[in-house]
Each structure stands twice: as structure tokens, then as C-alpha cells.
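# Got a predicted structure here, sequence first:
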Amino acid sequence: MLRKYCLILVLLTPTWGVADNVYESGEYVVYYNAFTADSLPTNMATAYGILRSKYKGVLNISVQKKRRPGELPQSVTAKVNVEARNLVGQLKELEPRKITEGDAIYYISEFRVSHKERITFDVEVLPTGETQALELKIKQQFYTD
């Protein structure tokens, strides 16, 4: 149980501010965060097969469905597609993989980064059972030195 809360805390804690890491559309809330893998605790990186490196970026996405007022949203499965490009247009191949921790569901993608590299992630999220995908654009600059 503690590991679950550590993952939630580390992967969903934004580096610059909460408002910048949430996308809401209709009944759904998408939480996201992008960071360098060296910020993960060793035991967590090992548990999820993530190489800890300042040159390895991680994109974390969690999709939740809103409930009645006063109730916490519920994690849902989704088809997540990510296309990422840096400022010179180089495509970074990302293949999100699903991680389930109790009731929490995350989609984690790993990719290489270099110092001061700015990456734009075009994300398409299709919650299970829905026909309309949610589309969001995430921009993040990475610092390795």
C-alpha cells in the first residue's frame, strides 16, 4: 500500500505547479507529468523496470472518470497514444505501458533526452467504452546538467 502512494506522489507531483498537469474534458480528468528518470527512488525504478538516468525521460499519464460531488474520481483503462517531437522536429518513439497498483492505473513512457531539450507530446487518450478520444498537448523542457 505504501508503494502505491509513493508512486502516486512521485509520478503525479508536478515539477512546476498542479494546474499545469491536469486536463479535464467532460467526465474525465487526465493527470500527466514528464520528468527525468534519475528523480525516481532506486527501489521504485527497479520495481517498474525504469532505468534511472538523467538522460532518460519519463512521461506518466493517469486517466480518471469523475464521480458524484464529494467522491474521488475512479481510475479507468484507456488506449493511450503518444507522439513526441523536439524543437528540430525529431520524432521520439514512445510506447506507453500500463502499470496497475491496486485501484490506480498509470501509462508510463520512456525516452531519451538531452540537456535543455524541449519536447512536445501529442497525446490521445481513448477511455475504455468511449468513442471520442481526448487530445492534449504537453510541452516540457528537460535539464540534464
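All right, it came through fine. Residues are numbered from 1 along each chain as shown.
# contacts, neighbours, all on C-alpha from now
Fine.
# what's across from Val30 in the sheet?
With DSSP bridges as the criterion, Val30 is bridged to Tyr23, Val63.
# Pull the contacting residues for it.
Residues near Val30 by Cα atoms under 8 Å, 6 or more residues apart in numbering: Val22, Tyr23, Glu24, Ile61, Ser62, Val63, Gln64.
# Mind picking the two most distant members of these?
Farthest pair in those (Cα to Cα) is Glu24 and Ile61. Separation: 12.9 Å.
# Between the two, which is the more surrounded one?
Shown here are Glu24 and Ile61; by other Cα atoms under 10 Å, Ile61 has more neighbours (24 against 15).
# quick check, that one in a strand?
Yes. Assessed by DSSP: H, G, I helix; E, B strand; the rest coil, Ile61 belongs to a strand.
# Against Val76, how distant is it?
11 Å (Cα to Cα, to the nearest Å).
# And Asn43, by the same measure?
Distance, Asn43 to Val76, using Cα to Cα: 26 Å.
# before we move on, what about Ile50?
Here the criterion is Cα to Cα. By it, Ile50 lies 23 Å from Val76.
# Neighbour count: the two, which is higher?
Ile50 (19 against 16).
# My read is that that one contacts Ala37, right?
Yes. Counting by Cα atoms under 8 Å, Ala37 is a contact partner of Ile50 at 7.3 Å.
# What number of residues are in the vicinity of Glu27?
Neighbours of Glu27 (other Cα under 10 Å): 10.
# check contacts around it.
Shown in contact with Glu27 (Cα under 8 Å, 6+ apart): Lys65, Lys66.
# mind redoing it with 10 Å?
Gln64, Lys65, Lys66, Arg67, Pro73 (Cα atoms under 10 Å, 6 or more residues apart in numbering).
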